[in-house]
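J.: What follows is a predicted structure for the sequence shown.
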Amino acid sequence: MTDDPGPVRVIGAGGHAAVVIATLQDLGVTIEGLYDDAADRWGTAVLGVPIRGSIAQAAEGGSHPAVLALGDNRLRQHLAGQLGLRWITAIHPRAYVHSSVEVGAGSVIFAGAVIQPRARLGEHVIVNTAASVDHDCDVGPFAHLAPGVHLSGGVRVGSGTLIGIGAALRPGISVGEWATVGAGAAVVSDIPDRVIAVGVPATPRPHSPAK
């Protein structure tokens, strides 16, 4: 983020939202408020930022600058297409992102992350705390790289895929769309679409595609 987008609306008020808020605060961005469908949270605050109402209310009154602060990849995809908001990109000042990296709208990159030359991130990607993305990686829209994930050079991660905390992927690996790689997994061979892969080395097992 290079320019001040104006007061930002944050969609979501859970634990992931707290990290998004901290990132925006460290960037010096004004946060207008949080919006969440849990009515019992309305009128409370997260890190001093008030929860103002429902997610639908966030879209009232025009195309406001906003960021999705929800860890669920399917829900982010749904809301990104449903809400008429202007999605900002938030890169923590203590993340390293090379100038050649492409980052899609709505993506968030947290403190300690490292993204090396010629990597590409699609829209609404999460690169979580201290994750690393090496040169020439391609991370699809709505993917989530959990804290401490390490992608070696030339890795491809498909749309909507979750790479669990501390997982490591060897160079050139391809992980399909809407797959899940378990925490601490070592991925040494390609992973197809819509499977869960766990262990060292990571072994896939099929699961039902999300509806």
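T.: Nice, I can see it.
J.: send the alpha carbons of the longest helix seen in the chain over as PDB?
T.: Longest helix of the chain, by residue count under DSSP state H: helix 15-26. What follows is helix 15-26, C-alpha atoms only, in PDB (Å, rounded to 0.1, in the frame of the first residue of the first chain):
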ATOM      1  CA  GLY A  15      -8.900 -13.400  15.600                       C
ATOM      2  CA  HIS A  16      -7.700 -13.000  12.000                       C
ATOM      3  CA  ALA A  17      -9.300  -9.600  11.900                       C
ATOM      4  CA  ALA A  18      -7.100  -8.600  14.900                       C
ATOM      5  CA  VAL A  19      -4.000  -9.200  12.800                       C
ATOM      6  CA  VAL A  20      -5.400  -7.300   9.800                       C
ATOM      7  CA  ILE A  21      -6.200  -4.400  12.200                       C
ATOM      8  CA  ALA A  22      -2.700  -4.400  13.600                       C
ATOM      9  CA  THR A  23      -1.300  -4.400  10.000                       C
ATOM     10  CA  LEU A  24      -3.400  -1.400   9.100                       C
ATOM     11  CA  GLN A  25      -2.600   0.400  12.300                       C
ATOM     12  CA  ASP A  26       1.100  -0.100  11.700                       C
END
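J.: Show residues contacting that helix.
T.: Residues outside helix 15-26 that contact it (CB atoms under 8 Å, 6 or more residues apart in numbering) are 8, 10, 12, 31, 34, 36, 46-47, 49, 67, 69-71, 90-94, 108, 110-111, 126, 128-129. To be clear about C-beta, it is placed using only N, CA and C from the backbone, and glycine gets the same treatment.
J.: Just the buried positions in it, please.
T.: By neighbour count on 16 or more other CB atoms under 10 Å, the buried set for helix 15-26 is 16-21, 23-24.
J.: for the residue nearest to the spatial centre of the chain, phi and psi?
T.: Nearest to the geometric centre of the chain sits Ile126, at 1.6 Å (CA atoms, centre = their mean). Dihedral pair for Ile126: phi -110, psi 120, per degrees, to the nearest 10.
J.: about what we covered before: ok now the longest helix of the chain, how far from the chain's centre?
T.: 12 Å (CA atoms, centre = their mean, to the nearest Å).
J.: Also stretch 125-135?
T.: 9 Å.
J.: Now it: average pLDDT?
T.: Per-residue pLDDT over stretch 125-135 has a mean of 98.
J.: For it, which outside residues touch it?
T.: 16, 19, 71, 95, 103-104, 107-119, 121, 139-155, 171.
J.: Also stretch 178-186?
T.: Against stretch 178-186 from outside (CB under 8 Å, 6+ apart): 73, 146, 158-170, 175, 187, 191-202, 204, 207, 209-210.
J.: Pairing partners for the helix-or-strand element of the chain with minimal mean pLDDT, with directions?
T.: Within the chain, confidence by mean pLDDT, DSSP states H and E is lowest for strand 203-206 among all helices and strands, at a mean of 80. Sheet partners assigned to strand 203-206 using DSSP bridges are listed as strand 195-198 (antiparallel).
J.: Show me where this protein has its helices.
T.: 15-26, 55-58, 73-82.
J.: Can you give the distance from the last one to the centre of its chain?
T.: From the chain centre to the centre of helix 73-82 is a distance of 12 Å (CA atoms, centre = their mean).
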